[in-house]
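Trainee: A structural model of the following input is requested.
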Amino acid sequence: MEVIGIDDCQGRNLLPRIQPVSCWPGIAFSDRMLHWPKGPRDSDGIWAPHWYAHVWESTGFELPVAHDVALSGEAAAVAEARWPHYEQLRALRVIVGN
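Mentor: Predicted structure coming up:
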């Protein structure tokens, strides 16, 4: 599976980044991959009501909104301990085009 970090697409046209990568696993690219209708889908799964509120309101990709998050105590310790794992995965992401 290929992973494209959203921070690598900020302010850029997403199409040239998704199109070549989507063909890698044998899935033909379609413009329908970039847009979808609002609302829930049968394929969303049981966790959708807890996780998908913003997805259900969207109709396509959006740039992320930065949030300042201050962690403390155990949450800060867990985040700090896991940060190297995040960095390892991030280093493996695919950067497509400029």
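Trainee: pretty sure residue 34 contacts residue 60?
Mentor: Yes - judged on Cβ atoms under 8 Å, residue 34 makes contact with residue 60 at a distance of 5.8 Å. Backbone N, C-alpha and C define where each C-beta goes, glycine included.
Trainee: those two: which is more packed in?
Mentor: Set residue 34 next to residue 60 and count neighbours by other Cβ atoms under 10 Å: residue 34 wins out with 14 against 9.
Trainee: in contact with the nearest residue to residue 35 once chain neighbours are set aside, which residues?
Mentor: The spatial neighbour of residue 35 that comes closest, neighbours along the chain excluded (Cβ to Cβ, 6 or more residues apart in numbering), is residue 60 at 4.5 Å. For residue 60, the contact set (Cβ atoms under 8 Å, 6 or more residues apart in numbering) comprises 34-36.
Trainee: what element comes up after the helix or strand encompassing residue 50 heading to the C-terminus?
Mentor: Under the criterion of DSSP states H and E, residue 50 resides in helix 48-51. On the C-terminal side of helix 48-51, the closest following helix or strand by DSSP H and E is helix 53-57.
Trainee: tell me which residues are up against that following helix.
Mentor: 38-40, 48.
Trainee: now those residues as JSON lines including pLDDT and neighbour count?
Mentor: Formatted as JSON lines, the contacts of helix 53-57 follow (pLDDT from 0 to 100; neighbours: other Cβ atoms under 10 Å):
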{"residue": "38", "pLDDT": "94", "neighbour count": "9"}
{"residue": "39", "pLDDT": "94", "neighbour count": "11"}
{"residue": "40", "pLDDT": "93", "neighbour count": "11"}
{"residue": "48", "pLDDT": "90", "neighbour count": "14"}
